[in-house]
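**Student:** okay, here's the prediction I keep looking at, along with the sequence it came from:
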Amino acid sequence: MPKKIFTGKVVSDKMDKTVVVEVTRLVQHPVYKKTVKYRKKFMAHDEENRCKVGDIVSIIESRPLSRRKRWVVLDIVKKAASSPEVRDTLTEGGLK
C-alpha cells in the first residue's frame with residue numbers, strides 16, 4: 001500500500017525538529033450534500049528545523065517516531081511571506 005501524502009499549513013514550530021501541520025479538506029455531506037470543511041492537525045518531523053509558521057508543506061507517512069509523531073516533512077511547497085528568506089528576496093528585488 002502506498003504511503004499517504006498530505007499538504008497543509010504549519011501552525012506551530014515551537015518544538016525542536018517537530019512542526020504541527022494543519023491539513024484542511026473539503027468533503028460533501030452524505031445526506032445534505034453540503035460541502036463541509038474538515039481540519040486535522042498532524043505532528044511532523046522536521047530534521048533541519050527549516051519550516052516556519054505559515055509555510056505550506058507536504059508531509060508523508062512514516063514509522064512511529066514518538067508517541068504522537070508519525071509523519072515527516074517531505075518538502076516545503078511555499079514559504080511564508082514573514083520568513084527571513086522571503087523578506088530578503090523581496091527587498092533585494094526593489095519591493096518593500
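**Tutor:** That came in fine, so what should we check first?
**Student:** by contact count, what packs against the host helix or strand of residue 39?
**Tutor:** Of the helices and strands defined by DSSP states H and E, residue 39 is found in strand 35-45. Contacts defined by 3 or more C-beta pairs under 8 Å, 6 or more residues apart in numbering; DSSP states H and E place strand 35-45 against strand 5-15, strand 18-28, strand 56-61, strand 69-78. Where you see a C-beta, it was placed from the backbone N, CA and C, and this is true even at glycine.
**Student:** most tightly packed of those?
**Tutor:** strand 56-61 (a mean of 18; mean count of other C-beta atoms under 10 Å).
**Student:** sheet partners, orientation included, of that one?
**Tutor:** strand 5-15 (antiparallel), strand 69-78 (antiparallel) (DSSP bridges).
**Student:** nearest to residue 42, out of the ones you listed?
**Tutor:** strand 69-78 (5.0 Å; C-beta to C-beta).
**Student:** what is the mean pLDDT for the closest one?
**Tutor:** Averaged across strand 69-78, the pLDDT comes to 98.
**Student:** helix/strand/coil for the residue sitting furthest away from the middle of the chain?
**Tutor:** In the chain, the greatest distance from the average C-alpha position (C-alpha atoms, centre = their mean) is reached by residue 31, at 30.9 Å. Look at residue 31: counting by DSSP: H, G, I helix; E, B strand; the rest coil, its state is coil.
**Student:** lowest-confidence helix or strand of the protein?
**Tutor:** Taking mean pLDDT, DSSP states H and E as the measure, the helices and strands of the chain show their lowest mean at helix 84-92, namely a mean of 64.
**Student:** re earlier: how much space separates the residue farthest from the centre of the chain from residue 3?
**Tutor:** When distances are taken as C-beta to C-beta, to the nearest Å, residue 31 and residue 3 turn out to be 32 Å apart.
**Student:** hmm, back to that, centre of the chain to the strand holding residue 39, how far?
**Tutor:** Here the centre of mass of C-alpha atoms in strand 35-45, compared against the chain's by C-alpha atoms, centre = their mean, to the nearest Å, lies 9 Å away.
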